[in-house]
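Undergrad: model this:
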Amino acid sequence: MVNPAALEKYRFSKALRPFSFPVAIIACLVGIAAAYADGFWNPLSVSLILFAGVLLQAGVNLINDHADLPLLFGADPLLKLSRDRVGFNFKIGMLCFLIAAVIGFYLISITGLSLLLISVVGLLGALGYTVAPINYKNRGLGVVMVFWLMGVLMITGSYLAAGASFNWSIVWLSLPISCLVSLLLLSNELRDYERDINDGLSTLTVRLGYQSSVWLYWGLLFSALLISVALAMLGYLNHAWLLFFVLLLLPKPFRLLHAKASERKALTPATARILLGFGAVFCLLILL
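TA: Reported below is the predicted structural model:
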């Protein structure tokens, strides 16, 4: 008999993973803030950028469990219920991608084709995150791919969609936030480490081992701080020292990273707060 608690994650409200929405919101806001600092501001475009960003994040989350379908075959009624939930979530996720694509084409029509390539690469990358035959997540590439897709590309795309022309400065400014975007996904893998092993998944954390992934967690976090300092030294950012307030948020993740699996549930929300706080201050520093 299948344990109902083990299949709860396929419920729509769980599959949506709203705790991850700060990824899209902060990434889009960084691009918008950089465009505003360069003299570009359009309230309608800004609203559409944020809406499309959240839709893309929701779409990625909702199709995330599609790769689990081979694990859900059998006559057990709970398995059938789970398959139905995964199928429903996948359809809603694809709808999110479709609406985001329509918004993207509108923004391309008013800003030019420079946004088109980034939009296509980002959408294909989002689809390939868990959908076969690519399935970055199960190849151990999830943490790496979100750095580029939900970090660098989303920030740069938001900058262009807000009306600015491509400038390498937005790529450099995207790097600290991209580290924290990867950090959030890594925290999710660390939280689910034991369950992913039992389910036969090959995430980066499963491949590296738990302790090595903890070291990677701290490496990504402090890389975000060090890159911000380097950006300040190069003149891209002012008052970068204000970002070190994030150190006040570290005791809880430190404790959770060394806790038992059953106590690790709060690790991802705690990491999301780091991303949200750091990202908000980072946007203010760009405006300064």
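
Undergrad: okay, CA-based contacts and neighbour counts for the rest of this
TA: Noted.

Undergrad: the stretch 151-288 of the chain: strands as residue ranges?
TA: In the stretch 151-288 of the chain, no segments count as strands under DSSP state E, counting those that start in this stretch.

Undergrad: okay, now the unreliable bits of the stretch 51-200 of the chain?
TA: 67-78, 126-138 (pLDDT under 70).

Undergrad: what do you get if the cut-off is 50, keeping everything else the same?
TA: Along the stretch 51-200 of the chain, the model assigns pLDDT under 50 to no residue.

Undergrad: tell me where it has helices.
TA: Under the criterion DSSP state H, counting those that start in this stretch, the stretch 51-200 of the chain contains helices at 77-111, 114-127, 142-146, 154-161, 168-191, 193-198.

Undergrad: could you identify which of those helices is most buried?
TA: helix 154-161 (a mean of 30; mean count of other C-alpha atoms under 10 Å).

Undergrad: between that one and helix 77-111, how many degrees?
TA: Interaxial angle of helix 154-161 relative to helix 77-111 (axes from the mean of the first three to the mean of the last three C-alpha atoms, to 10 degrees): 40 degrees.

Undergrad: just how off-centre is helix 154-161 within its chain?
TA: Offset of helix 154-161 from its chain centre (C-alpha atoms, centre = their mean, to the nearest Å): 15 Å.

Undergrad: repeat that for stretch 44-60.
TA: Distance of stretch 44-60 from its chain centroid, counting by C-alpha atoms, centre = their mean, is 13 Å.

Undergrad: what does that stretch contact?
TA: 16-18, 20-21, 23-25, 28-29, 32, 92-97, 99-100, 103-104, 107, 126-127, 129, 154, 158, 161-162 (C-alpha atoms under 8 Å, 6 or more residues apart in numbering).

Undergrad: before we move on, back to that, tell me which of the helices of the stretch 51-200 of the chain sits nearest to residue 254.
TA: Of all the helices of the stretch 51-200 of the chain, the one in closest proximity to residue 254, counting by C-alpha to C-alpha, is helix 168-191 (11.5 Å).

Undergrad: so which other helices or strands are in contact with the closest one?
TA: helix 21-37, helix 142-146, helix 154-161, helix 204-208, helix 210-233, helix 267-287 (3 or more C-alpha pairs under 8 Å, 6 or more residues apart in numbering; DSSP states H and E).

Undergrad: that one vs helix 21-37, what angle?
TA: 170 degrees.

Undergrad: quick one: distance of helix 168-191 to the chain centre.
TA: Remark: helix 168-191 is offset 8 Å from the chain centroid, using C-alpha atoms, centre = their mean.
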